[in-house]
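[1] Need a 3D model of the following:
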Amino acid sequence: MARKTILLFISILTAVLLLAACGEEADSAVAENNVNNEGPAQENAVNEEETEENAANEAAVEEYIVTVANEKDETLSVIYYPEGRQELIELDGQAHNVEVNKETGLIWVTINPPHGHDHDDEEDGGHGHNNNETNNDNHNNDEENNHGHGSEHDEGTGEKVVAYDIYTLEKAEEYAAGSHPAHVSITKDGNTVVFSNSGDNTVTIIDRVTEEAAVIETGEYPHGLRISPDQDYAYVANMHSGDVSIIDLEEKTEVNRIPAGEGAVQTGFSHDGKYTFAGLHLANQLAVIETASQELIKTIDIGVGPVQMYASYDNEYVIVANQGSADSPSDTISIISLDELEVVKELQVGKGAHGIVISDDSRYAFVTNMFEDTISVVDLVTLEETERIDTGTYPNGISVY
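    Numbers count the residues shown, from 1 in each chain. Here you go, the predicted structure:
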């Protein structure tokens, strides 16, 4: 009886074990089947994710609208980068400098009459790289030193500052200027427009809200200017007197004049407001001014005939375009560390590197090559030129939207 009981127990146990084994196999088969069924779905999901990621990456490619003042053929190039498309705005005079205001979407440009430039102006890009500029004491009466313009302004001769809509490329506003308007700059809110009248030794401030204009005296032959990061002042480079005028935009008066060096041609700022810069066209240097103390603290030796400079928005570099002259063109930009205030690289670009601007994301620098009718695109990650784009004749000022 005990033996039968034991055998019965073994039979039952064997049956249970067999059923359990069958269950595991069934579960395994189901699981395998599920995996096989889910494989294509999972693959499709991965493909969809990759497609979405690629689409997002493509959408993330920034488009930059670069505007270039083509002085000799009286046009503005509007270049869509990296798309490559280019539009032209026909002007009724020679464009000297340009600045885009992002708040209003307006392209501001200084315009001189077609006959306004003599041989000296054409040869040296309006900056007369010769010793006569600084050795001749009678700057205002010397037509050569004023780049083909006398110090007296004849009304109705065509000097003006004009705004174009960046979307429609149509003229939006126009203001009369003094003798030889050179550079124009606008406050971030788009309400205040400031431009230099080189032949008059003045700058004009236009209040677009009240439509009032104020004219302020500066040093001799005011040329390049930019508005300080705090939006309170315009810093103006005076070429013949070799200094920088500081203009209070609220009070509309010159509050200081800082000695900078020979041929101070353009100003600029680090975007944290710590430094003010002036390109010294005749000294082949960049002047560094401490903005808080308004004192010159250093000059940096750079390439030949520097003109414009621009700092990256990440406060990594300030980059200077070295133009030289038509007879002896320079073809470099000087890349300077803002931490060390030392040149970290001299990069070759096109002949007559003149104007420069850096995109808001600090990715690209765009440089006008005045003596070969191109602009260079410089990658600020690799610090190399990546592309050269044809423009109109004698590209001068440049801005980016």
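[2] Quick check: the gap between the closest residue to Tyr64 other than its chain neighbours and Arg363.
    With sequence-adjacent residues excluded and distances taken as C-beta to C-beta, 6 or more residues apart in numbering, Tyr64 is closest to Tyr81, at 4.7 Å. (Glycine included, C-beta is placed from N, CA and C.) For Tyr81, the distance to Arg363 (C-beta to C-beta, to the nearest Å) stands at 11 Å.
[3] in the sheet, who's paired with the residue sitting nearest the centre point of the chain?
    The centroid of the chain falls nearest to Val357 when counting by C-alpha atoms, centre = their mean (2.2 Å). Judged by DSSP bridges, the bridge partners of Val357 are Phe366.
[4] cool, and Glu346?
    Applying DSSP bridges, one finds that Glu346 bridges with Ser334.
[5] Surely it and Ser334 touch.
    Yes. Using C-beta atoms under 8 Å, Glu346 is in contact with Ser334, at 5.8 Å.
[6] Comparing these two, which residue is more hemmed in?
    Using other C-beta atoms under 10 Å, the more surrounded residue of Glu346 and Ser334 is Ser334, with 25 against 12.
[7] List the contacts of the residue nearest to Gly392 when sequence neighbours are not counted.
    Distances taken as C-beta to C-beta, 6+ apart place Asn70 nearest to Gly392, at 2.8 Å, with adjacent residues excluded. Asn70 is in contact with Leu76, Ser77, Ala95, Asp373, Thr391, Gly392, Thr393, Tyr394, Pro395, Asn396, counting by C-beta atoms under 8 Å, 6 or more residues apart in numbering.
[8] can you check Ile375 too?
    66, 68, 79, 350, 366-369, 388-389, 391, 395, 398.
[9] which residues in the stretch 151-300 of the chain form strands?
    Shown for the stretch 151-300 of the chain, the strands assigned by DSSP state E, counting those that start in this stretch span residues 160-165, 171-176, 181-186, 192-197, 202-207, 212-217, 222-227, 233-238, 243-248, 253-259, 264-269, 275-280, 285-290, 295-301.
[10] which strands and helices sit next to the last one?
    Using 3 or more C-beta pairs under 8 Å, 6 or more residues apart in numbering; DSSP states H and E as the contact test, the elements touching strand 295-301 are strand 253-259, strand 285-290, strand 342-348.
[11] What strands flank the first one, and is each parallel or antiparallel?
    The sheet places strand 253-259 alongside strand 243-248 (antiparallel), with pairing taken from DSSP bridges.
[12] Just send the contacts of Ile375 back as JSON lines, with distance to Asp301, pLDDT and neighbour count too.
    Formatted as JSON lines, the contacts of Ile375 follow (distance: C-beta to C-beta, whole Å; pLDDT from 0 to 100; neighbours: other C-beta atoms under 10 Å):
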{"residue": "Val66", "distance to Asp301": "30", "pLDDT": "98", "neighbour count": "24"}
{"residue": "Val68", "distance to Asp301": "29", "pLDDT": "98", "neighbour count": "28"}
{"residue": "Ile79", "distance to Asp301": "32", "pLDDT": "98", "neighbour count": "23"}
{"residue": "Gly350", "distance to Asp301": "22", "pLDDT": "98", "neighbour count": "22"}
{"residue": "Phe366", "distance to Asp301": "25", "pLDDT": "98", "neighbour count": "25"}
{"residue": "Val367", "distance to Asp301": "20", "pLDDT": "98", "neighbour count": "31"}
{"residue": "Thr368", "distance to Asp301": "23", "pLDDT": "98", "neighbour count": "34"}
{"residue": "Asn369", "distance to Asp301": "22", "pLDDT": "98", "neighbour count": "24"}
{"residue": "Arg388", "distance to Asp301": "27", "pLDDT": "98", "neighbour count": "14"}
{"residue": "Ile389", "distance to Asp301": "30", "pLDDT": "98", "neighbour count": "18"}
{"residue": "Thr391", "distance to Asp301": "30", "pLDDT": "98", "neighbour count": "26"}
{"residue": "Pro395", "distance to Asp301": "26", "pLDDT": "98", "neighbour count": "31"}
{"residue": "Ile398", "distance to Asp301": "25", "pLDDT": "98", "neighbour count": "28"}
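[13] Looking at the residues you listed, which one is closest to His240?
    Thr368 (23.6 Å; C-beta to C-beta).
[14] Remind me which helix or strand that closest one belongs to.
    Thr368 belongs to strand 364-369 when assigned by DSSP states H and E.
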